[in-house]
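Engineer: here is the input, now give the coordinates:
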Amino acid sequence: MDDIQDLVATDGPLKVEFIGAHILLVTLNRPAARNAINGAIACALERVVRAVNADPELRVAILTGAGDGVFCAGADLKEIAAGRVGTLKTADGGFAGFVNARRNKPWIAAVNGLALAGGCELMLACDLVIAAESAEFALPEVSRGLIALAGGCYRLVRALPRAVALEMILTGERLDAGRAYHHGLVNRLVRADAVCQEAIRVAEKICRNAPVAVQESLNIARQSHDLTDEQLIALGDSARARLIKTEDFREGPRAFIERREPRWTGR
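Structural biologist: From the prediction side, this is the model:
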């Protein structure tokens, strides 16, 4: 955990906070710029993702935005205008150092307000979404002569009914939180001041389960749109072979028989 704390200054463009032993809260910290992504955030977020992957104690990460009313407004247009568009992505992580990053643990988007353009794509790259009732989602790239290439054009179609997603992509118009929840884009809808608390509650529920089983299940689920049934069966067989070698595989049935809470080690 100390490695992660060393990565990001508490007053920098990205903040991290440990919630207990197993949850990391990651905050985009540019409220004056509507938490727009610049090069500093992209580099820091990529390093945090890698650190979360490598830390055996961390089991869930939560991504949110600082301030009121905005989760993330996307790319910092001032950076783009200054010719620094290349700094907004990293070689391994893609836009914001995040959307294409390999993540072996669940990430929850705690959307406290507007999630626009790249901000919407950050949300789509997460595994679960907790949103404020006042949140809105949009991919307005086409209105600026751009394309939502940080995952928006394909992840949104996977997450919403096709007609709804295509309307958002082609018109650039916003989807309000109520409709997003109705269509399953959002897992839970809460008051704006309760978004992070609800995300933490969901993360705590995940943490009650066996870490290796959670990670292996997540890996299969993430690829369900991309692989055939035969490939997914093979992926599951490989996951089972790894799982049965762990102490957690033996601890689960043992705790059930002994009528106690399991003590997971993640090993």
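Engineer: so where do the helices sit in the stretch 51-200 of the chain?
Structural biologist: For the stretch 51-200 of the chain, the helices defined by DSSP state H, counting those that start in this stretch cover 77-81, 118-125, 152-159, 162-171, 177-182, 195-207.
Engineer: so which of these is nearest F71?
Structural biologist: In terms of C-beta to C-beta, the element of the helices of the stretch 51-200 of the chain nearest to F71 is helix 118-125, at 5.6 Å. Any C-beta I mention is one placed from the backbone N, CA and C, and that applies to glycine too.
Engineer: show me what L63 is bridged to.
Structural biologist: Beta-bridge partners for L63, by DSSP bridges, are V26, A109.
Engineer: separation between V164 and R179?
Structural biologist: 8 Å (C-beta to C-beta, to the nearest Å).
Engineer: higher neighbour count, these two?
Structural biologist: Each of V164 and R179 has its neighbours counted (other C-beta atoms under 10 Å); V164 has more, 18 against 15.
Engineer: which ones are touching the residue lying closest to the more buried one once chain neighbours are set aside?
Structural biologist: Once flanking residues are discounted, V164 sits nearest to H183: 5.9 Å by C-beta to C-beta, 6 or more residues apart in numbering. Applying C-beta atoms under 8 Å, 6 or more residues apart in numbering to H183 gives the contacts 160-161, 164.
Engineer: one more time with 10 Å, if that's ok
Structural biologist: 159-161, 164-165, 175 (C-beta atoms under 10 Å, 6 or more residues apart in numbering).
Engineer: can you list the domains in the chain?
Structural biologist: Under the assignment the TED database, the domains of the chain span 1-208, 211-258.
Engineer: can you tell me which of the ones you listed is packed in deepest?
Structural biologist: Highest mean neighbour count of these: domain 1-208, a mean of 19 (counted as mean count of other C-beta atoms under 10 Å).
Engineer: that older thread, A234 is nearest to which of the helices of the stretch 51-200 of the chain?
Structural biologist: Nearest to A234, of all these, is helix 152-159, at 22.0 Å by C-beta to C-beta.
Engineer: is it true that G172 touches G145?
Structural biologist: No - counting by C-beta atoms under 10 Å, G145 is not a contact partner of G172; they are 11.1 Å apart.
Engineer: ok so, going back, what's the closest of the domains of the chain to T265?
Structural biologist: Comparing the domains of the chain by C-beta to C-beta, domain 211-258 comes nearest, at 5.4 Å.
Engineer: got the end-to-end distance for that closest one?
Structural biologist: 20 Å (C-alpha to C-alpha, to the nearest Å).
Engineer: go on, stretch 168-185?
Structural biologist: The first and final residues of stretch 168-185 sit 13 Å from each other (C-alpha to C-alpha).
Engineer: so for it, what's the average pLDDT?
Structural biologist: Average pLDDT, stretch 168-185: 98.
Engineer: one step back: the domains of the chain: which one's closest to G266?
Structural biologist: Ranking the domains of the chain by proximity to G266 (C-beta to C-beta) places domain 211-258 first, at 3.9 Å.
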